[in-house]
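>>> sequence-free structure coming up:
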C-alpha cells in the first residue's frame, strides 16, 4: 500500500529538542538548561493575562496594533516596521520560507542557533556554516562563503550557545560587503543582557538600508517563554512580506496583554539585567577559580569547556544527581561543553558548589 510521502528535505534534520525540565525521582529540580529568565514572568504580566482571559472568546487584533505601539515606545522604533509572531522562531522560519527555497543558500556561523539550519533545510536551502574564531562569528569567513546562490545570512548576536558577540563595527562591515539582494538576519534574543558599549542589536543596520532584519523575543529577560512571543524590526518591504505569510492571528490577545504590561514595568528589565551582569561575573569567577574553562559571555548563560566529551558528560551526570539540569551541547558540535543558564543567586550558588565538588572529586 502506498502511503503519503513527505518531502525529502524533512528527513535531513533531526527534530529540535528543548531543554529538559524534570529528573526522575527528584522533587526539586533546578532548571538551568533553557536560558529562561531568572525570575519568571513579571507579576503585572500575569495579572494582565488573567484579565484578558475573560474575553478569550474574541479573536485578537490580527495586526497587534497596541503591542506594536508599546514596542515602538519602549525601544524608540516605528511601529509600522514591527511584525509580531508566535516566538521569534516563527518569524525566523517565515523569513527563510519567504526568501529561501530550492537553489538558494543560507549562511550561518559554525555554532549558530540550530533553528536556522532546521528551517533552512526544510525550506530546501543549502545551509553553509562559516568557521568561527575563538567561538565567535568570523565576518571574513562568512563573506568567503557568499556565492551567487546566497540569499540569507543569519547571525545570533550574542550567539547561542557560545554567548559571544561581534561589535557593531563588524556587523556593519558584514552588511556593507554583502550583495544588496542578500538578506542579513540579526537574531538579538539576548540583547537586553548586553553591557558592552560597542554593541547594537541591529536597529542601526535596519535603519540604514533595505536588506537587514532584527528579531527579538519575550522569552528571556521578560520571562514569557511559555507564552510564545517574538517580534521583528524590518524595512517596509520586508514587513510587507512577513505580513503576507504569517498566520492571521499568530499572537493571542492574552499574550499581547501580558507583553504590553511587561513592557510598561519600568524596573523589570533594568533589575533583571543588573542581576544577570552581577551573577554571571560571580559565577564565572568561581568556576574559573575551580579550574573550569569559562567562555566569556554577553548573554544570560555561560558555556563551560571541560576539554573532553567524557569529562563534560561526567559533569552533567554529577549535576543531575544534585537535581540540576544544564544543557549538554553536543548537537552544536561542542561535545566537551555544557551551557548553564544564569538563574537566581541561590541557583547559581548551588550550581557552583556542585561543580566545585565535581572538580575536587
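Good, I have the coordinates. All values reported here derive from a predicted model rather than from experimental measurement. Numbers count the residues shown, from 1 in each chain.
>>> not counting residues beside it along the chain, what's closest to residue 299?
residue 190 (3.9 Å; Cβ to Cβ, 6 or more residues apart in numbering). Bear in mind the C-beta positions are built from the backbone N, C-alpha and C, glycine included.
>>> residues contacting that neighbour?
Going by Cβ atoms under 8 Å, 6 or more residues apart in numbering, residue 190 touches 35, 156, 158, 160, 220, 298, 299, 300.
>>> surely the fourth one meets residue 113?
Yes. The criterion here is Cβ atoms under 8 Å, and residue 160 meets it with residue 113 at 5.1 Å.
>>> for stretch 150-168, buried residues please.
Applying a neighbour-count criterion of 16 or more other Cβ atoms under 10 Å, one finds 150-166, 168 buried in stretch 150-168.
>>> in strands only, show me these.
The members of the buried residues of stretch 150-168 that map onto strands under DSSP state E are 150, 151, 152, 153, 154, 155, 156.
>>> what about the fourth one, distance to residue 129?
Shown here: residue 153 relative to residue 129, a distance of 11 Å by Cβ to Cβ, to the nearest Å.
>>> ok, the fifth one next?
In this structure, residue 154 lies at 10 Å from residue 129, with Cβ to Cβ as the measure.
>>> which residues do these two both contact?
Between them, residue 154 and residue 129 have 107, 108, 112 as joint contacts when contacts are counted by Cβ under 8 Å, 6+ apart.
>>> so of these, which ones are in strands?
Among those, the members falling in strands (DSSP E) are 107, 108.
>>> now do the strands in the stretch 251-361 of the chain.
Using DSSP state E, counting those that start in this stretch, the strands of the stretch 251-361 of the chain run over residues 293-295, 301-305, 324-325, 327-328, 337-341.
>>> and residue 8, which of those strands is closest to it?
Closest approach to residue 8 among those (Cβ to Cβ): strand 327-328, 29.7 Å.
>>> adjacent strands (with direction) for that closest one?
In its sheet, strand 327-328 lies beside strand 337-341 (antiparallel), with partners assigned from DSSP bridges.
>>> residues making contact with the partner strand?
Strand 337-341 is contacted from outside by 31-36, 38, 161, 283, 300-306, 312, 315-316, 326-329, 351, using Cβ under 8 Å, 6+ apart.
>>> next, the buried residues of the lengthiest helix in the chain.
In the chain, with assignment by DSSP state H, the single longest helix is helix 266-289. When burial is assessed from 16+ other Cβ under 10 Å, helix 266-289 yields the following buried residues: 268-269, 272-273, 275-277, 279-280, 283-284, 286-287.
>>> do the same with stretch 238-251
Under the neighbour-count criterion of 16+ other Cβ under 10 Å, stretch 238-251 has 238, 239, 241, 242, 246, 250, 251 buried.
>>> which among those residues gets closest to residue 70?
Compare each of the buried residues of stretch 238-251 with residue 70 using Cβ to Cβ and the shortest gap goes to residue 251, at 12.6 Å.
>>> once you drop chain neighbours, what's closest to the closest one?
Spatial nearest neighbour of residue 251, excluding adjacent residues (Cβ to Cβ, 6+ apart): residue 84 at 5.0 Å.
>>> check that neighbour and give its pLDDT.
Per-residue confidence at residue 84 stands at 98 (pLDDT).
>>> then the one 4 residues further on?
Per-residue pLDDT puts residue 88 at 96.
>>> and what of residue 342?
Looking at residue 342, its pLDDT reads 98.
>>> you'd agree it is up against residue 37?
No. In terms of Cβ under 8 Å, residue 342 does not count as a neighbour of residue 37; the distance is 9.8 Å.
>>> which neighbours do those two share?
residue 300.
>>> higher neighbour count, the two?
Under the criterion of other Cβ atoms under 10 Å, the comparison of residue 342 against residue 37 puts residue 342 first, with 28 against 24.
>>> measure the more buried one to residue 248 for me?
Residue 342 sits 37 Å away from residue 248, going by Cβ to Cβ.
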